[in-house]
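A.B. asks: Sequence plus predicted model, see below.
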Amino acid sequence: MAKFMKMLNNISRSQAIYRSNKITAKDMQSSHYAFALAICRVPGRSQEEIAQELCVNKSTVARNLNYLEEKRYILRKPLPNDKRQFSVYPTDKMLKVLPEIRNASREWIELLSEGIPQNELDIFNSVLNRMQERAREIIEKQEENK
């Protein structure tokens, strides 16, 4: 199983390189693409919701959002009921680069899965979804036990 995790990690890193080569926004780093997709998928969501979706800690979200805000890709607005929490919105600059990010991601999946029968891809997706759900459950239990 350890080899399996290494393979997934290598695929993910290769995707980051591929997308970086395809996307013209050179002030955006590969680690920011997932944030861009999450923010544009649900504009106005909280930083905590982004952290949960991406399975990263709050400090990682804050650091990445600080960078994206500094580069004018996002706007953060305090939540009315809690001024320490922020909702995050894409700017026009983010919306302009979003199609490139989506296209590069779609192309990567097409290239990666080329020649693999659809039924095998369906099984693979099913197994990965179950493993992802299980991983989230494990982390939630860990958080509860702290």
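C.D. replies: Arrived safely.
A.B. asks: Every contact and neighbour count from this point should use C-alpha atoms.
C.D. replies: Fine.
A.B. asks: how about the nearest residue to the residue nearest to the spatial centre of the chain, chain neighbours excluded?
C.D. replies: Residue closest to the average C-alpha location in the chain (C-alpha atoms, centre = their mean): A34, at 2.5 Å. Counting by C-alpha to C-alpha, 6 or more residues apart in numbering, the nearest residue to A34 once its immediate chain neighbours are dropped is L54, at 7.5 Å.
A.B. asks: what's the burial count for the one you found?
C.D. replies: For L54, the neighbour count with other C-alpha atoms under 10 Å is 13.
A.B. asks: Roughly how far does it sit from A38?
C.D. replies: L54 is 8 Å from A38, where distance means C-alpha to C-alpha, to the nearest Å.
A.B. asks: Ok, R134 next?
C.D. replies: Distance from R134 to A38, by C-alpha to C-alpha: 21 Å.
A.B. asks: where do the strands sit along the protein?
C.D. replies: Ranges of strands within the chain are 45-46, 74-79, 82-90, based on DSSP state E.
A.B. asks: Can you add distance to E144 and give those strands back as a markdown table?
C.D. replies: A markdown table is the format used below for the strands of the chain (distance: least, C-alpha to C-alpha, whole Å):
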| stretch | distance to E144 |
| --- | --- |
| strand 45-46 | 21 |
| strand 74-79 | 25 |
| strand 82-90 | 22 |
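A.B. asks: Redo those strands as CSV? Include distance to N9 and mean neighbour count.
C.D. replies: Below are the strands of the chain laid out as CSV (distance: least, C-alpha to C-alpha, whole Å; neighbours: other C-alpha atoms under 10 Å):
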stretch, distance to N9, mean neighbour count
strand 45-46, 27, 19
strand 74-79, 28, 17
strand 82-90, 28, 16
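A.B. asks: Just send these back as CSV, with mean pLDDT and distance to T24 too.
C.D. replies: Shown next, in CSV, are the strands of the chain (pLDDT from 0 to 100; distance: least, C-alpha to C-alpha, whole Å):
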stretch, mean pLDDT, distance to T24
strand 45-46, 92, 26
strand 74-79, 92, 18
strand 82-90, 87, 18
